[in-house]
Every structure is written in structure tokens, then in C-alpha cells.
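**Q** Take this sequence and fold it.
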Amino acid sequence: MSTLTVIKTQIASAWLPLPPSSNNAYVNTQLGRAKSEALEAWEEEAGWIWKTSGEMPRATLDARMTWGWDGRFYFPTLAQRDLDNCYKHIGDVIVRVVFKGKLDDRRLIWDEHWKMVSRAKPGVYVRVYEVPYAAMVE
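**A** Numbers count the residues shown, from 1 in each chain. Below you'll find the model as predicted:
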């Protein structure tokens with residue numbers, strides 16, 4: 001097994017509040033599944049924070065670009081929530097806010113997540129990268 005070196009160029013970043021857990025992100029309605037009020041509120045808040053105080057791409061993005069992201073999730077304790085129930089919502093916000101819906105999460109080819117502890121400032125620090133597909137081929 002070989003080690004893969006990911007070649008990436010940072011294009012955006014932001015400090016966001018922790019997203020709701022995927023376990024509570026959707027509710028049943030008469031028409032099927034829908035986003036919960038908690039998820040809708042978080043997406044709205046995260047979008048505004050990213051637009052007003054985060055780093056956005058400086059150049060126009062190619063719709064064929066492949067991309068990735070990393071996140072440092074800071075929880076009040078290590079025991080609080082599963083990490084894998086938190087990161088899907090980050091990708092959705094990246095597509096909607098950073099890429100303005102022009103890129104799709106099917107173009108996501110790399111991600112990395114860390115679970116950290118911060119009692120003073122829980123949240124998630126997210127960095128988005130352009131990751132050339134050729135860099136992922138061994």
C-alpha cells in the first residue's frame with residue numbers, strides 16, 4: 001500500500017458553528033422527508049457567516065474543477081456527538097455558498113476531518129481546496 005500525497009490549493013475558509021447532527025437534521029412530513037428547522041437555521045447562519053467573515057474564492061471557479069475540504073471540529077468534550085454525523089452538512093454549505101451552486105459535491109474527491117476539544121469556543125474551522133484530479137491518480 002502506498003502513501004498518497006494530496007496536492008491542493010486553498011481557495012476558501014471559515015469558522016462556523018457546529019452543525020446539527022445528521023440524526024436530527026431531517027423530519028418526516030406528509031410529503032416525505034424535509035430539513036428540520038435546526039438544519040435550516042444552521043445552514044442560514046453558516047452561509048451568512050461564511051459570506052461576511054470567511055474567505056471566499058478570489059477567482060471564477062471552473063465548473064469541472066475537482067475539490068476537497070478539511071475541517072477541525074471543536075466540541076465541548078470528546079464524548080459529544082459522532083464526527084461522521086456532522087460533516088455532510090459542511091459539504092452542502094460549501095456547494096451552496098462557496099461555489100454558489102455551480103459545482104456539485106460529486107466533484108468532491110478529498111476530505112479530512114478532525115475531532116478536537118474546545119470548551120471555550122466550540123465550532124468548526126473549514127478550509128476548501130482545489131484538488132486536481134490528476135493529483136489523486138497513483
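
**Q** after the longest helix along the chain, next one along is what?
**A** Using DSSP state H, we find that the single longest helix of the chain is helix 37-53. Downstream of helix 37-53, the next assigned helix or strand under DSSP states H and E is strand 67-75.

**Q** I'd like to know which elements that following strand is packed against.
**A** helix 87-93, strand 108-117, strand 123-130 (3 or more CB pairs under 8 Å, 6 or more residues apart in numbering; DSSP states H and E). To be clear about C-beta, it is placed using only N, CA and C from the backbone, and glycine gets the same treatment.

**Q** Please repeat the previous calculation with a cut-off of 10 Å.
**A** Applying 3 or more CB pairs under 10 Å, 6 or more residues apart in numbering; DSSP states H and E, we find strand 67-75 packed against strand 9-16, helix 87-93, strand 108-117, strand 123-130.

**Q** before we move on, back to that, give me the distance from the longest helix of the chain to the chain's centre.
**A** Once both centres are worked out by CA atoms, centre = their mean, to the nearest Å, helix 37-53 turns out to sit 12 Å from its chain's centre.
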